[in-house]
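Asks: this one's structure only:
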């Protein structure tokens, strides 16, 4: 677990990516003439998987988190215009 989060999303991304790569490889193995046509798809799938992994890691980094959640602040006390 990274920063208290479960890695399910990253595992799904990489599982689907590896499955798509295996499917492309099977297609390329069945029809070797498609090698040049299918080669860019390997790079596209890998780039997408790395990008989604980077976003998952960045979204859960400690420096992106706030110290306090603003929703818990009671703003009525700060904007009180009536004088007691």
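Replies: Now that the structure is in, tell me what you want to look at. These figures come from a predicted structure and were not determined experimentally.

Asks: tell me what the top helix by length along the chain is packed against?
Replies: Across the chain, the longest stretch assigned as helix under DSSP state H is helix 35-59. Here helix 35-59 touches helix 8-30, going by 3 or more CB pairs under 8 Å, 6 or more residues apart in numbering; DSSP states H and E. Using the backbone N, CA and C atoms, a C-beta is placed for each residue, glycine as well.

Asks: For the helix it packs on, which outside residues touch it?
Replies: Applying CB atoms under 8 Å, 6 or more residues apart in numbering, the set of residues contacting helix 8-30 from outside is 34, 35, 38, 41, 42, 45, 46, 48, 49, 52, 53, 56.

Asks: so how many other residues sit close to residue 14?
Replies: Using other CB atoms under 10 Å, residue 14 is surrounded by 15 other residues.

Asks: Can you tell me how far it is from residue 32?
Replies: Separation of residue 14 from residue 32 (CB to CB, to the nearest Å) stands at 27 Å.

Asks: State the mean pLDDT of stretch 9-17.
Replies: For stretch 9-17, the mean per-residue pLDDT is 94.

Asks: Now that stretch: buried residues?
Replies: For stretch 9-17, a neighbour-count test (16 or more other CB atoms under 10 Å) marks 10, 13, 17 as buried.

Asks: ditto for stretch 28-42
Replies: residue 28.

Asks: Give me the distance between the two termini of that stretch.
Replies: 11 Å (CA to CA, to the nearest Å).

Asks: Now do the longest helix of the chain against helix 8-30: the angle between them, please.
Replies: 170 degrees (axes from the mean of the first three to the mean of the last three CA atoms, to 10 degrees).

Asks: okay, residue 72: pLDDT?
Replies: Predicted confidence (pLDDT) for residue 72: 55.

Asks: Point to the helix or strand of the protein where mean pLDDT is at its lowest.
Replies: Sorting the helices and strands of the chain by mean pLDDT, DSSP states H and E puts helix 35-59 at the bottom, at a mean of 92.

Asks: just curious, which of the contacts of helix 8-30 is nearest to residue 6?
Replies: residue 56 (10.8 Å; CB to CB).

Asks: Against residue 19, how distant is that closest one?
Replies: Taken as CB to CB, the span from residue 56 to residue 19 is 18 Å.
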